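Asker: next come a sequence and a model predicted from it.
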Amino acid sequence: MQVEISNFLIEFCMTDIGGKIKEARQIKGVSQTQLADILHVRQTSISNWETGVSEPSVDMIRQIAIALECDPNFLFGFD
């Protein structure tokens, strides 16, 4: 039961994480290419996250928050 609830919460929180990454990136004035360079990923990864094609790992979300100087809770929609 605990695992099912945890998985549900993670899935629920990740539903618009791409939009939040884009919002935080734009607020910071960083392009997708610049963010990709900082995170050592391809620009297509950033695009895929922002458009919901794929989702970043929890560790990558932490790195994104550090790179964009925002609270990880913002990226999960708890702002």
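Answerer: Received, thanks. Numbering: from 1, shown residues only.

Asker: give me the below-cutoff pLDDT ranges for the protein.
Answerer: Along the chain, segments meeting pLDDT under 70 span 1-15, 79.

Asker: now the helices for it?
Answerer: Listed in chain order, the helices found in the chain under DSSP state H are 2-13, 17-28, 32-39, 43-51, 58-67, 72-75.

Asker: as JSON lines, these with mean neighbour count would be great.
Answerer: From N, CA and C alone the C-beta is placed, and that goes for glycine too. Shown next, in JSON lines, are these (neighbours: other CB atoms under 10 Å):
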{"stretch": "helix 2-13", "mean neighbour count": "10"}
{"stretch": "helix 17-28", "mean neighbour count": "18"}
{"stretch": "helix 32-39", "mean neighbour count": "16"}
{"stretch": "helix 43-51", "mean neighbour count": "17"}
{"stretch": "helix 58-67", "mean neighbour count": "15"}
{"stretch": "helix 72-75", "mean neighbour count": "17"}
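
Asker: ok, the nearest residue to residue 54 once chain neighbours are set aside to residue 73 distance?
Answerer: In this structure, residue 54 finds its nearest non-sequential neighbour in residue 48, 4.4 Å apart by CB to CB, 6 or more residues apart in numbering. According to CB to CB, to the nearest Å, residue 48 stands 23 Å off from residue 73.

Asker: for residue 64, same thing?
Answerer: 13 Å.

Asker: next one: the residue nearest to residue 19 when sequence neighbours are not counted from residue 36, what distance?
Answerer: Closest residue to residue 19 in three dimensions, ignoring its sequence neighbours and counting by CB to CB, 6+ apart: residue 50, at 7.2 Å. Counting by CB to CB, the separation of residue 50 from residue 36 is 11 Å.

Asker: what does residue 16 give?
Answerer: In terms of CB to CB, residue 16 sits 20 Å off from residue 36.

Asker: who's in contact with residue 24?
Answerer: Neighbour list for residue 24: 64-65, 68, 70, 74-75 [criterion: CB atoms under 8 Å, 6 or more residues apart in numbering].
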